[in-house]
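Student: the following block contains a protein sequence and its predicted model.
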Amino acid sequence: MPEKTIGSFEIKRLEILDEEGNADKSIMPALSIEELKNLYEMMHLSRAFDERALSLQREGRLGTYASIRGQEAAQVASAFAAERTDWIFPSFRETGAQITAGYPMHMLFQYWSGDERGMKCPEELNIMPVCVPVGTHLPHAAGAAMALKIKGEKKAVLAYFGDGATSKGDFHEAFNIAGVFRAPAVFICQNNQWAISVPLSRQTAAATLAQKALAYGFEGIQVDGNDAFAVYKASKAAIEKAKAGGGPTFIECFTYRISDHTTADDSSRYRPAGELEQWKARDPIKRLRLYMEKEGIFSAEFQKQVEENAGKKINEAFHKMEEIGPPPVSDMFAYTYKEPSRREARQMRDFANGGS
Amino acid sequence: MPEKTIGSFEIKRLEILDEEGNADKSIMPALSIEELKNLYEMMHLSRAFDERALSLQREGRLGTYASIRGQEAAQVASAFAAERTDWIFPSFRETGAQITAGYPMHMLFQYWSGDERGMKCPEELNIMPVCVPVGTHLPHAAGAAMALKIKGEKKAVLAYFGDGATSKGDFHEAFNIAGVFRAPAVFICQNNQWAISVPLSRQTAAATLAQKALAYGFEGIQVDGNDAFAVYKASKAAIEKAKAGGGPTFIECFTYRISDHTTADDSSRYRPAGELEQWKARDPIKRLRLYMEKEGIFSAEFQKQVEENAGKKINEAFHKMEEIGPPPVSDMFAYTYKEPSRREARQMRDFANGGS
Amino acid sequence: MAAVNMVQALNMALRQEMEKNTSVTVMGEDVGRAGGVFRVTEGLFERFGGERVIDTPLSEAGIAGAAIGMAVCGLLPVAEIQFMGFIYGAFDQIINHAARLRNRSRGRFSCPIVIRTPYGAGIKALEIHSESTEALFAHIPGIKVVVPSGPYNAKGLLVSAIRDPDPVIFLEPTRLYRMIKEEVPEEPYSIPLGRGRKVKEGKALTLISWGSMLQRALKAAEGFSFDTDVIDLMSLSPWDEEMVLSSVKKTGRAVIVQEAPKTCGFASEVAATIAEEAIAYLRGPVLRVTAYDVVLPFSKLEEYYMPSIERIKNKIEEAMRY
Amino acid sequence: MAAVNMVQALNMALRQEMEKNTSVTVMGEDVGRAGGVFRVTEGLFERFGGERVIDTPLSEAGIAGAAIGMAVCGLLPVAEIQFMGFIYGAFDQIINHAARLRNRSRGRFSCPIVIRTPYGAGIKALEIHSESTEALFAHIPGIKVVVPSGPYNAKGLLVSAIRDPDPVIFLEPTRLYRMIKEEVPEEPYSIPLGRGRKVKEGKALTLISWGSMLQRALKAAEGFSFDTDVIDLMSLSPWDEEMVLSSVKKTGRAVIVQEAPKTCGFASEVAATIAEEAIAYLRGPVLRVTAYDVVLPFSKLEEYYMPSIERIKNKIEEAMRY
Ligand SMILES: Cc1ncc(C[n+]2csc(CCOP(=O)(O)OP(=O)(O)O)c2C)c(N)n1
Ligand SMILES: Cc1ncc(C[n+]2csc(CCOP(=O)(O)OP(=O)(O)O)c2C)c(N)n1
Ligand SMILES: [Mg+2]
Ligand SMILES: [Mg+2]
């Protein structure tokens, strides 16, 4: 046989919940009513936090902020599938995943106001600090997963990143290493179609991001990222597979960045007309609400309660951050090394003495 | 449709010439008798050069050397498919490709003896200096191909690298960029199964390297790397496609590193018994000879002439390098910048005055 | 002649060099339609099209590496790295390739690229957006390092960088991008690389700085009655040792101001050179005002990290005590 | 107690720390079955197995990045980068992550990794196998930089590096790997990081060096009748300013010897510190003996590039003229 086929691959896309709120029951993930309500609540809370952060930024009370609007299903439903003991490696646009995983919201406010203390993850959680250099946290996720496997801990690692991150060498090295060592990692791409002003078609010539997993010998799947059930189901399966020793999975959540890249950006400069409107119609929260309404587990009262809870929590979080106030200046010298070097110690004294 | 297939891919392997020298005529590339003889001669010359380099190294007359033994078809037949005006970006183990592309052999000796002048490619050729940091020349190849496209020059870029290189971030970023810009690049992987002591199975979990092209939206193919016809045919097609505006191609030449990694290595420390013998039986040169014998275009006299020519050329090359002698020490200061900086100029004077 | 800020001056330099030489090619993340996150490349895409103003994937090694390959094939790439904190992905390409291509090919190939990148603290940006690691580049033979300090020299230096036959790292202080306006001639002009600029003439002390700290150094110097020689280095590699040494030989006192942490910063090289070449002329120690040797803090504390005018004044006073 | 070379001493340190603490994990290219290209990890794979001695893909960013993640999850990775010239692929991981993890998480996470890498010229290796860019690392707050100069201190310093709670870049001079043998106790011992070592006591001049240049500095000093204080820094970040300053205050003369190019090398920091803190004690200039500011040549010329004993002697003589 002169030209023989030595590999055949298929890339699948998972969709469960459509824009009208109809779910395909035959493949619906097992979620109790309580869990459904919880999921909805988290998605709402994430959006409410996002809105508050945007308005606080406009008032000058937070620094540059990266909105997650439109990505609530992709972020919340994936993190919802994890256990509290699992490890989470977020990028810089992961408010929804962080909140769902239990990260204290006042610390998120601290972070976005330029205070490192917001990144000191509470001891009982395994959530890494936000990663700003795009994609460079993925090797950490691979290494963490290797360590969990070596140590025999039944935990998975969830790593979040954007479509832009898939072009970085770090993405490649991390995926390759995770594949070679069959590490319990779940790579969750928020394919929101844009990396600042660069559209997906300029980011890669590949038809899907999911197929990039083929390069590393593990499974890749695309899910409708605005469909909380598809995201949840794929994430849950991948996390369980990881814990069972089945190695890594790559999940491409196909979604959209409704907001500007950050509050420092103006996306009307570069986005084609109409695209935004089209995607607004695919709102992930509305979709879940329609489903719940159809199932008779959604009421105006529930919505009111969810809104009130969210408002209250967010207010509390913001006040807590304000109460705590700015960090002590001496913190600047406290964490570069475990013990400050002699030069650092001297600089600290100089600084305290008025600075020279 | 809840889980729909959104991508289907096949990876092919091309084989034309088998170990007994039988070729599948139906897919045989168009090669005249003259070309066939030439191809054989180049493969022989490359091996003879390689053998000489190894023995010169043992005598202490060259530095560390990386042998190409076993990879003659993969290197020679691919470079044979290029035109003299095409661009070649070699890794550090590419003697066969360099010789075939017309690189002066005395300069290869200079290079391997630790003399930069060996890397000064003659003006009429477009062969880049050897790249030592693995895989890091691939972005240059992508950029060069972009430039050729932008400038409207009908030339292709051939970039050579090993299986180990496919794990580097630079490989990824280069492939991705070449894909996005449909650059006229041909990426030729010498998959010789080993990266020093690391076997392919530890380098990647992917079943083939060829499938890595799927991540970048362009074509990948595996060829029997010990089959000069398969290598030639795939390379020729890829080069023509590149020049016709069809974008990049990835060719995985499935071959084997018969020698140690370099003269500083001892592969018996890490290679499993038997593997080497198995691959020796697949010798690429013998295979081509058997074919030519069957076709009646090979004679003892031809072989003798090929050997004599090779011996003579290699002797001449070595003597030329010896005649030229070591580089002038002042060269050390001559090429860091176009014009030496004032500090450099002063250091040059200090050096000339006995050094301080 | 209009008063423009540094962003506009840089934009003018790019536009004019692109008009003059069709090989000049701008590339990087968001440099095209968006015009760059700081708008330095604004309007270039519309004017020169997508083959000369290239939006790249998110890929720093790829950007620097592709620029090298493009240069080899006859283009003159001006690549943008979105923030200096992200340049490390391209570090290997810069150090092992751009810096060495001329030498390793004995001049057959060369690498006339420019890598522009915004740097420095003071704009309350997110993490990894404010570092100042010019010393890492100044240590590498084969590349040049240039740092403008205002609109006028920004334009002239960028023109020189683009025309230079060797790779140039061009560091743009974000804090100054829109802080100062200066008269900048519309006509193209160039300022030679490797030469400093005497900003102020004086006899009592030599104050040396560059880029983002120059303004603060100047302000600090203005607070004294004695005359200070203020030098803006503008180029760090190569750098104008002659200007520094002749000034120090005149004044006998030197204070160097840098935004980066102290240890192994560029100020160390300046001080070491003075200590090696002009020690006999010194009245007292060679003093450095630098950031502290700590990880650069988030925005809430960054102002405490950067050398303040106050701290510079203190050091000047200390130097004058000798 | 046996006389062993540096490779053996390092191997001993690794083996003993791995025995002592099961979290210590060796990783890198060819560190497993092959025992490392210089054999520093020889025998560890056989002894500790593939989960503690991990052969990785060819992936410098991946190695450093995975080590960081492993450290976060409780392992103590000792990663090898095969040659220092290939560390730049990992530079972003080292600078933007390893160096900052403690700070950015306010101590919740830390990064107790060691990155070992052979460095330096003099073994007639291929291109990019001989550089000495320690200064790039010494400039970065949050990492430590250690350079042994012989078998005895190599073992003690590597033990300290492995036990250190912060990331350590551990640079091993290839030229010395098998050049010197010393008595090295079988028992584990540690040498504190951040402290120098007085190799020779003297009054006339302070000669400062580290790593690969220490031997040459010593040989040069031996050629004179007067007494030289010879300091082996061993750690470059943090470094023993106190030892250097108190020696210079005693001798009044300083010569610093480094293998790297001059501009912005670590010698510049030492000289700048002397010029800042001990100028009143100096009789003459602070002199540096360094490589030239050129791209490191291939093996045929490398010996001309490296500071020779002759050049060091010349500088010592020059210093003694004051
Ligand atoms: C390595 C690196 N390069 C550039 C940037 C600047 N930058 C910040 S976000 C961004 C785009 C990221 O796109 P994507 O990965 O799709 O994530 P998204 O912003 O869409 O969530 C860029 C270029 C960065 N933070 N890191
Ligand atoms: C970036 C980098 N890391 C490590 C090395 C050391 N090294 C030289 S060759 C090699 C293995 C290369 O394997 P492969 O790409 O398969 O090429 P081959 O040697 O088999 O031709 C390694 C690890 C290097 N040269 N560059
Ligand atoms: Mg995106
Ligand atoms: Mg190989």
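Tutor: That came in fine, so what should we check first? Ligands and ions are numbered 1, 2, ... in the order given.
Student: worst-scoring helix or strand of chain C, pLDDT-wise?
Tutor: The least trusted helix or strand in chain C, going by mean pLDDT, DSSP states H and E, turns out to be strand C:2-4, with a mean of 93.
Student: which residues does the closest residue to C:His139 other than its chain neighbours contact?
Tutor: The shortest distance from C:His139 to any non-neighbouring residue, by Cβ to Cβ, 6 or more residues apart in numbering or on different chains, is to D:Cys264 (3.8 Å). Yep, even glycine has a C-beta here, placed from its N, CA and C like the rest. Neighbour list for D:Cys264: C:135, C:138-139, C:264, C:266, C:268-269, D:135 [criterion: Cβ atoms under 8 Å, 6 or more residues apart in numbering or on different chains].
Student: so which of the residues you listed belong to helices?
Tutor: Members of the contacts of D:Cys264 lying in helices (criterion: DSSP state H): C:135, C:138, C:266, C:268-269, D:135.
Student: for A:Thr208, grab phi and psi.
Tutor: phi -130, psi 160 (degrees, to the nearest 10).
Student: number of nearby residues for it?
Tutor: Neighbour count for A:Thr208, taken as other Cβ atoms under 10 Å in any protein chain shown: 22.
Student: number of nearby residues for A:Arg202?
Tutor: A:Arg202 - counted by other Cβ under 10 Å - has 21 other residues nearby.
Student: return the per-residue confidence for it.
Tutor: Looking at A:Arg202, its pLDDT is 98.
Student: so it: helix, strand or coil?
Tutor: Under DSSP: H, G, I helix; E, B strand; the rest coil, A:Arg202 falls in the helix class.
Student: from ligand 3, how far out is the residue nearest to C:His139?
Tutor: Distance, D:Cys264 to ligand 3, by Cβ to the ion, to the nearest Å: 38 Å.
Student: closest one of the contacts of D:Cys264 to chain B?
Tutor: C:Glu269 (10.5 Å; Cβ to the nearest Cβ).
Student: still on that earlier bit, what would the ones in helices among the contacts of D:Cys264 look like in CSV with pLDDT, neighbour count and distance to ligand 4?
Tutor: Converted to CSV, the ones in helices among the contacts of D:Cys264 look like this (pLDDT from 0 to 100; neighbours: other Cβ atoms under 10 Å in any protein chain shown; distance: Cβ to the ion, whole Å):
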residue, pLDDT, neighbour count, distance to ligand 4
C:Ala135, 98, 28, 37
C:Ala138, 98, 24, 37
C:Phe266, 98, 33, 41
C:Ser268, 98, 33, 42
C:Glu269, 98, 28, 41
D:Ala135, 98, 28, 34
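Student: as CSV, those residues with distance to C:Val114 would be great.
Tutor: Converted to CSV, the ones in helices among the contacts of D:Cys264 look like this (distance: Cβ to Cβ, whole Å):
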residue, distance to C:Val114
C:Ala135, 20
C:Ala138, 16
C:Phe266, 20
C:Ser268, 26
C:Glu269, 23
D:Ala135, 24
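Student: over to the residue in the stretch 151-300 of chain C that ligand 1 sits nearest to: give its phi and psi.
Tutor: Residue of the stretch 151-300 of chain C nearest ligand 1, by Cβ to the nearest ligand atom: C:Thr174 (13.3 Å). With angles defined as degrees, to the nearest 10, C:Thr174 sits at phi -60, psi -40.
Student: who's in contact with it?
Tutor: Residues C:38, C:118-120, C:122-123, C:125, C:129-130, C:212 are the ones in contact with C:Thr174 under the rule Cβ under 8 Å, 6+ apart.
Student: how does it look with 10 Å?
Tutor: C:6-7, C:37-38, C:83-84, C:117-123, C:125, C:129-130, C:212 (Cβ atoms under 10 Å, 6 or more residues apart in numbering or on different chains).
Student: just the element for the closest residue to it other than its chain neighbours, please.
Tutor: Nearest residue to C:Thr174, sequence neighbours excluded (Cβ to Cβ, 6+ apart): C:Pro118, at 4.5 Å. C:Pro118 is located in strand C:114-119, with elements delineated by DSSP states H and E.
Student: and residue 214, how many neighbours does it have?
Tutor: Let's take chain A. Neighbours of A:Leu214 (other Cβ under 10 Å): 27.
Student: please refer instead to chain C.
Tutor: With other Cβ under 10 Å as criterion, C:Leu214 counts 27.
Student: you'd agree it is up against C:Ile256?
Tutor: No: with contacts counted by Cβ atoms under 10 Å, C:Leu214 stays clear of C:Ile256, the gap being 11.9 Å.
Student: which residues are in contact with both of the two?
Tutor: C:207-208, C:231, C:233.
Student: check whether the strand or helix carrying A:Ala234 contacts chain B.
Tutor: Here A:Ala234 sits within helix A:228-243, counting by DSSP H and E. Yes: contact of helix A:228-243 with chain B (Cβ under 10 Å from any Cβ of the partner chain) involves A:230, A:233-234.
Student: can you name the residue of chain A nearest chain B?
Tutor: Counting by Cβ to the nearest Cβ, chain A gets nearest chain B through A:Gly169, at 1.8 Å.
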